[in-house]
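1. sequence unknown, structure follows:
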């Protein structure tokens, strides 16, 4: 096995003209280490090793499956501490009468290792979780996107080898989300992503493998233009181009092997130091997948029908017209955020709608073209805004609008809930105004009549707001009928009591409706089981006339 690694590394590091990804001799131990991580141990195992010299592996640790993260961390910490104590014993000169652990630790280092080196190593004991099962799954998943990735790399005149970078970043998982807020298959941080794609409360294009791949290509091309070599450009993908430029200037070298070993710059930690080596290992394993994993069948690319939305479109209208459920639309359009799925915002104009052809009975272009005029809008739904009054806190505002403090903080880019001021405007969820006005609704709320309650089973993607609109009731009614204290505590499969008969009679007895923010003729007609044409006729509306919040509509002919 060692001879094979030497041949592999010799091939990678050969100075053959045109090799954009050489392996410096000093990085060979790191490449061997990451190859083992990707092929020898699963995510239920890992190596306890030296963080500086990756050729030093003290032990392979097996972890019980299905345990909590904190329990797993206790096992890892305990094992690391055992290794640290053994290293300190060796640092104090102990060489005979060794315990089993001390003997194993001593054997992991070359003969003649000094006591000072053991003392230094005691501060560098690290655990690396295995990745072999995850790498194999990523190989299979990669088949769905490889043709697109290769097309984009060719379009930007980039080396095809870069197609394996998602192995390192996410194992080709487009839904990956890290604890530091990196997201998507290419693991973009929000600030970096916004240079190349849209990331806001309506769209997060990091989550779309097709859009984010082009963003990654642009970033990699920029990094190469700045650094002048692919080892540096790839490390810059993790550490930033300016950070790598500082390393080059500080050490006076462009050799990635020297930089990985010698640079001590701020934030240049284990991940940055090992990023290029892990890429080389991933490239080797990917190109020799059958050797490590046996015969693998890659996932096939999905054949999509793609149409750029010509207008702002309610997602419910698209689902109804296409016959494709919102849940399915959500899977294949992951860049659209929750505010679109719950109806607070429309699908943005120009967004590339993507639906598998197998899910459609006619071309998507004709489906979108068939949407009626009141299902297509020239403007996005306006934000609902609250002006903070003296003495108000974020928690009182959240309570007033039946939302959460965390939602308000996320929507307004707040890092501290106490840093708000009187006179400041807060953006609210689109359903917040409905909740705030529910105490005086245009259609009078009625209690559930005895013996007339129906039920509704909550589906994935439902919200209390969407269910209330579906049945023409208020959120407060649903909360009261079902004794729910928190509107966010809905779960798929939950059964809700509803009183459609009582609501229908209330609507029938009320011939007027005051338009709420986000309403359209289509949604009003659907809510009250009327035709759009009748509402237009009863209110003498002109074709294409815009309706506005606060406007009163007749819901009957007389």
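-> Nice, thanks for sending it over. All figures in this text were calculated on a predicted structure; none of them were measured in a lab.
2. Mind giving me the packing neighbours of the longest helix along the chain?
-> In the chain, with assignment by DSSP state H, the single longest helix is helix 69-91. Here helix 69-91 touches strand 45-50, strand 57-62, helix 100-107, helix 115-122, strand 125-129, going by 3 or more C-beta pairs under 8 Å, 6 or more residues apart in numbering; DSSP states H and E. Quick note: C-beta positions are derived from backbone N, CA and C, even for glycine.
3. Any buried residues in it, and which?
-> Within helix 69-91, the residues scored as buried using 16 or more other C-beta atoms under 10 Å are 72, 76, 79-80, 82-84, 86-91.
4. Report the distance from that helix to the chain centre.
-> With C-alpha atoms, centre = their mean, to the nearest Å as the basis, the distance from the averaged C-alpha position of helix 69-91 to the chain average is 33 Å.
5. ok, now stretch 221-241?
-> With C-alpha atoms, centre = their mean, you get 24 Å for stretch 221-241.
6. Give me the contacts around that stretch.
-> Applying C-beta atoms under 8 Å, 6 or more residues apart in numbering, the contact partners of stretch 221-241 are 20-22, 24, 156-159, 165, 219-220, 243-245, 248, 254, 256, 259, 267-268, 271-272, 275-276, 279.
7. Filter these down to just the ones in strands.
-> Using DSSP state E, no member of the contacts of stretch 221-241 falls within strands.
8. Among the residues you listed, which lie within helices?
-> If you go by DSSP H, those have 165, 219-220, 243-245, 248, 256, 259, 271-272, 275-276, 279 in helices.
9. Now list the buried members of the residues you listed.
-> Using 16+ other C-beta under 10 Å as the burial test, the ones in helices among the contacts of stretch 221-241 include 165, 219-220, 243-244, 248, 256, 259, 272, 275-276, 279 as buried.
10. Can you pull the phi/psi pair for residue 514?
-> phi -90, psi 120 (degrees, to the nearest 10).
11. Now for residue 467, how many residues are close by?
-> Number of residues near residue 467 (other C-beta atoms under 10 Å) recorded here: 18.
12. My guess is residue 94 contacts residue 102. True?
-> Yes: between residue 94 and residue 102 there is a contact under C-beta atoms under 8 Å: 7.0 Å.
13. Those two: who's more crowded?
-> residue 102 (19 against 16).
14. can you pull the contacts of that one?
-> 86, 89-90, 94.
15. any idea how far residue 88 is from it?
-> From residue 102 over to residue 88 the distance is 10 Å, taken as C-beta to C-beta, to the nearest Å.
16. for the stretch 451-558 of the chain, what spans make up the helices?
-> 464-471, 475-482, 500-508, 521-527, 532-538 (DSSP state H, counting those that start in this stretch).
17. and the ones you listed, which one is worst for confidence?
-> Ranked by mean pLDDT, the helices of the stretch 451-558 of the chain bottom out at helix 500-508, which scores a mean of 37.
18. Could you take the buried ones among the ones in helices among the contacts of stretch 221-241 and lay them out as a markdown table, with extra columns for distance to residue 541 and pLDDT?
-> Shown next, in a markdown table, are those (distance: C-beta to C-beta, whole Å; pLDDT from 0 to 100):
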| residue | distance to residue 541 | pLDDT |
| --- | --- | --- |
| 165 | 55 | 98 |
| 219 | 50 | 98 |
| 220 | 53 | 98 |
| 243 | 60 | 96 |
| 244 | 61 | 97 |
| 248 | 67 | 97 |
| 256 | 68 | 97 |
| 259 | 68 | 97 |
| 272 | 61 | 97 |
| 275 | 61 | 98 |
| 276 | 64 | 98 |
| 279 | 61 | 98 |
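19. among the residues you listed, which two are most distant?
-> 165 and 248 (21.5 Å; C-beta to C-beta).
20. Can you lay out the buried ones among the ones in helices among the contacts of stretch 221-241 as CSV showing distance to residue 419?
-> Below are these laid out as CSV (distance: C-beta to C-beta, whole Å):
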residue, distance to residue 419
165, 38
219, 32
220, 37
243, 30
244, 35
248, 39
256, 42
259, 40
272, 32
275, 36
276, 40
279, 41
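21. Identify, from those, the entry nearest to residue 321.
-> Comparing those against residue 321 with C-beta to C-beta places residue 219 closest, at 37.0 Å.
22. Quick check: that closest one vs residue 213, distance?
-> According to C-beta to C-beta, residue 219 stands 11 Å off from residue 213.
23. same thing with residue 398?
-> For residue 398, the distance to residue 213 - C-beta to C-beta - is 38 Å.
24. Same question for residue 374.
-> In terms of C-beta to C-beta, residue 374 sits 36 Å off from residue 213.
25. Next: residue 416.
-> From residue 416 to residue 213 the distance is 36 Å (C-beta to C-beta).
26. So those two - more neighbours on which side?
-> residue 213 (22 against 8).
27. how about the more buried one, secondary structure?
-> Secondary structure state of residue 213, per DSSP: H, G, I helix; E, B strand; the rest coil, is helix.
28. could you give me the average pLDDT of the helix or strand where residue 232 lies?
-> Per DSSP states H and E, residue 232 falls inside helix 230-239. Throughout helix 230-239, pLDDT has a mean value of 97.
29. hang on, the earlier thing: can you tell me which of the buried ones among the ones in helices among the contacts of stretch 221-241 comes closest to residue 389?
-> When these are compared against residue 389 (criterion: C-beta to C-beta), the nearest one is residue 219, at 44.0 Å.
30. Next up, the contacts around the residue lying closest to the closest one once chain neighbours are set aside.
-> Using C-beta to C-beta, 6 or more residues apart in numbering and skipping the chain neighbours, the partner closest in space to residue 219 is residue 196 (6.2 Å). Residue 196 sits next to 188, 214-215, 218-219 when contact means C-beta under 8 Å, 6+ apart.
31. Name all residues that make contact with the closest residue to residue 93 other than its chain neighbours.
-> Using C-beta to C-beta, 6+ apart and skipping residues adjacent in sequence, the residue nearest residue 93 is residue 115, 5.7 Å away. Residues in contact with residue 115 (C-beta under 8 Å, 6+ apart) are 90-93.
32. same deal with residue 267?
-> 239, 243.
33. Go again with 10 Å.
-> Contact analysis of residue 267 by C-beta atoms under 10 Å, 6 or more residues apart in numbering lists 239-240, 243.
34. which residues do residue 94 and residue 102 both contact?
-> residue 86.
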